[in-house]
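> My questions concern the predicted model and sequence given below.
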Amino acid sequence: MTKQLSKFTLITLLSVFFSTYALAEASTVIDAKVDVAIKKFEKEKGATEFLKKAYAVLVFPSVVKGGFGIGGEYGEGAMRVDGNTTAYFKIASGSFGFQLGLQTTSYLFAFASKEVYENFMKSDGWEAGVDGAITVAKWGAGKDIGSISFEKPIYAFVFGAKGFMYNLTFKGTKFIRFTPDAP
């Protein structure tokens, strides 16, 4: 009974926690947060050159991820082409397995070509690992990310992490297009 109660308690806490993030922010708020996240990303060696090579970027400035056996993540972001927002997306996933912690982080997904971008935009509820492959870029420690040659269709960068979370994968992560509230 205690084991069932603790699972129920955990699920309830996680659902309450993530439901607070379920209400979409206004487009102006999302855009402002995306601007800040891009500026933070550009501080990395070669990032400005890398972004110039990308056809489009999808930026989630604040993704909350948490779990203890059962977990989930949620965030809101904007797709940008030539610095202009073309759409808004939510990122969400649920998982079960060995995971522990709570973390807030930023994600930047770089699209290599117009074709990859258009395929993503045409989809309804695109899912990583099912609808397309995402390459998680290895960077940091002074590595020049401007040298990435866009051999893969989509590159993902995880940066600005706060907290601790043991588990990093995009498999099964859903990207859902939405219309934010007006300011």
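Now that the structure is in, tell me what you want to look at.
> What average pLDDT does the host helix or strand of residue 87 get?
Here residue 87 sits within strand 84-111, counting by DSSP states H and E. When pLDDT is averaged along strand 84-111, the result is 86.
> do stretch 175-183 as well
81.
> Need the contact partners of it.
For stretch 175-183, the external contacting residues (C-beta atoms under 8 Å, 6 or more residues apart in numbering) are 24-30, 58, 76, 87-92, 120-121, 124-128. For glycine as for every other residue, the C-beta is placed from the backbone atoms N, C-alpha and C.
> go again using 6 Å as the cut-off
Identification of contacts with stretch 175-183 by C-beta atoms under 6 Å, 6 or more residues apart in numbering yields 24, 26-28, 30, 87-91, 125-126.
> For ChimeraX, write the select line for the buried members of these.
Buried members of these, defined by 16 or more other C-beta atoms under 10 Å, are picked up in ChimeraX with:
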select :27,30,87,88,89,90,91,126
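> Output the contacts of stretch 175-183 as JSON lines; include the columns distance to residue 175.
As requested, these are arranged in JSON lines below (distance: C-beta to C-beta, whole Å):
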{"residue": "24", "distance to residue 175": "14"}
{"residue": "26", "distance to residue 175": "20"}
{"residue": "27", "distance to residue 175": "17"}
{"residue": "28", "distance to residue 175": "21"}
{"residue": "30", "distance to residue 175": "15"}
{"residue": "87", "distance to residue 175": "10"}
{"residue": "88", "distance to residue 175": "11"}
{"residue": "89", "distance to residue 175": "5"}
{"residue": "90", "distance to residue 175": "8"}
{"residue": "91", "distance to residue 175": "6"}
{"residue": "125", "distance to residue 175": "7"}
{"residue": "126", "distance to residue 175": "5"}
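> what about residue 116, how many residues close to it?
By the measure other C-beta atoms under 10 Å, the count of residues near residue 116 is 18.
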